[in-house]
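J.: I would like the atomic coordinates for the input below:
(one chain, ligands or ions: 1)
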Amino acid sequence: MELVLDIQHLSKKYGKKTALEDISFSVKAGTCFGLLGPNGAGKSTTMKILTGIVDADNGNVMILGMDSKKHLHSIKQKVGYVPQSITLYEELNAYDNLLFFGQMYGVKGKLLQERITKVLTQTGLLDRAKDKVKEYSGGMKRRINIAAALLHDPKILILDEPTVGIDPQSRNHIFDMIRALKEEGVTIIYSTHYMEEVEVLCDDIAIIDNGKIITQGNLKELLEQYSTKSIYIETDDIEKLKQLIHISKITSKNDGWVIESDQPVDLLQTILKTTTEQGIKIQALEMMRPTLESVFLSLTGTSLRDK
Ligand SMILES: Nc1ncnc2c1ncn2[C@@H]1O[C@H](COP(=O)(O)OP(=O)(O)OP(=O)(O)O)[C@@H](O)[C@H]1O
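T.: Alright, predicted model coming up:
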């Protein structure tokens, strides 16, 4: 598959502080790539290097086959970047903001009018286009900020933590937008510290921590490879069950227990059979979906949520 982004051995220090240490990853055309990591991991620095805002100390970035050091201008025409902070004129309405940003990207005239209508429709804010941005909610501002990065019809859209501090409705809108853009063939590069977002949106991921990539690859394969397989059960008679079946590791969770097993399907069947035969009542029994939380835990020994 065609690579639209290829990063090799990127390093960056701010003074003595190492922000990135030998980062390499690549992104395939038409996919959603997730850069997942806790605060301060180096996600924004990576994205700023991709967009030419920050210079790397070492390493190479190829975007759409072009070297970012030599062809930044051409690259910028094909890449949309949504920074973490909102960059809109509060006193202007959304339409005028988009007019301004479109012209900055070099889009003009009738084409710009068409693009503004399209991006406002994509963000679900066409009917609010004439309202001043200062009257928008945080989530709506974020959606317009994304719209601004789409005006020049980019092939790659880079989003730096686009859902921080916004309402669930706007978050869902952003997810729907990303899925629709992907359908249209746009490659998405998405940074976040929310594992759940990566799990539902991304095809391939890199997990970054302390400026280093700790693992990367296809999301499904990583989940399969690293995460713990387990069963969740709620029953009033766990002690009896423990005597009847072999359980290697069990921990309490919510109103029940999580039992780890290399063979969760077999264990599930055994539990069902045993509880039925012995008359042990169960309130809930299910296989637990592998999560990125457990991937992170098994690779770093710490929880991403605790960072
Ligand atoms: N301009 C700067 N000057 C000095 N240190 C910086 C600067 N920008 C970032 N850093 C440091 O570099 C490291 C990586 O920061 P970066 O913003 O890339 O992380 P991040 O993963 O995007 O985190 P966050 O989600 O908190 O923005 C952090 O330790 C941060 O404090």
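J.: Got phi/psi on residue 131?
T.: Phi and psi for residue 131, reported as degrees, to the nearest 10, are phi -90, psi 140.
J.: Quick check, it in contact with residue 95.
T.: No: taking contacts as Cβ atoms under 8 Å, residue 131 lies outside contact range of residue 95: 9.2 Å. Glycine gets a C-beta too; all of them are placed from N, C-alpha and C.
J.: Between these two, point out the one with more neighbours.
T.: residue 95 (19 against 14; other Cβ atoms under 10 Å).
J.: Contact residues of the stretch 101-250 of the chain facing the ligand?
T.: 161, 193 (Cβ under 6 Å from any ligand atom).
J.: so where's the chain uncertain?
T.: 1, 305-307 (pLDDT under 70).
J.: Got the domain ranges for it?
T.: 3-225, 230-289 (the TED database).
J.: Most tightly packed of those?
T.: domain 3-225 (a mean of 18; mean count of other Cβ atoms under 10 Å).
J.: gap between that domain and the chain center?
T.: Offset of domain 3-225 from its chain centre (Cα atoms, centre = their mean, to the nearest Å): 10 Å.
J.: repeat for stretch 258-266
T.: Taking Cα atoms, centre = their mean, the mean C-alpha location of stretch 258-266 is offset from the chain mean by 28 Å.
J.: Number the chain from 16, please
T.: Yep, numbering from 16; the last one is stretch 273-281 now.
J.: now the helices for the stretch 216-322 of the chain?
T.: Residue ranges of the helices in the stretch 216-322 of the chain, as given by DSSP state H, counting those that start in this stretch, are 234-241, 253-259, 279-293, 307-315.
J.: Also the stretch 16-165 of the chain?
T.: Counting by DSSP H, counting those that start in this stretch, the helices of the stretch 16-165 of the chain are 58-65, 87-91, 109-119, 124-138, 153-165.
J.: picking up where we left off before, reformat the domains of the chain as JSON lines; add distance to residue 317.
T.: Formatted as JSON lines, these follow (distance: least, Cβ to Cβ, whole Å):
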{"stretch": "domain 18-240", "distance to residue 317": "9"}
{"stretch": "domain 245-304", "distance to residue 317": "17"}
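J.: Of those, which is nearest residue 310?
T.: The closest of the domains of the chain to residue 310 is domain 18-240. By Cβ to Cβ, the value is 5.6 Å.
J.: What distance separates the opening and closing residues of the closest one?
T.: By Cα to Cα, to the nearest Å, the extent of domain 18-240 from end to end equals 24 Å.
J.: Put the alpha carbons of stretch 46-55 into CSV.
T.: What follows is stretch 46-55, C-alpha atoms only, in CSV (Å, rounded to 0.1, in the frame of the first residue of the first chain):
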residue,chain,number,x,y,z
THR,A,46,-6.0,5.1,6.7
CYS,A,47,-6.5,6.7,10.1
PHE,A,48,-3.3,6.6,12.0
GLY,A,49,-3.4,7.2,15.8
LEU,A,50,-0.6,8.6,17.8
LEU,A,51,-1.5,7.7,21.3
GLY,A,52,0.3,8.8,24.5
PRO,A,53,0.0,10.6,27.8
ASN,A,54,0.5,14.4,28.3
GLY,A,55,4.0,15.4,27.5
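J.: Mind listing residues that contact that stretch?
T.: By Cβ atoms under 8 Å, 6 or more residues apart in numbering, the residues outside stretch 46-55 that reach it are 20, 40, 42, 58, 61-62, 193, 197, 202-208, 210, 212-213, 216-224, 234, 307, 319, 322.
J.: Surely residue 87 is in contact with residue 64?
T.: No: counting by Cβ under 8 Å, residue 87 stays clear of residue 64, with 11.2 Å between them.
J.: Tell me the secondary structure at residue 177.
T.: At residue 177 the chain is in coil, as set by DSSP: H, G, I helix; E, B strand; the rest coil.
J.: and it, what does it touch?
T.: Contacts of residue 177 by Cβ under 8 Å, 6+ apart are 97, 157, 161, 189, 205, 207.
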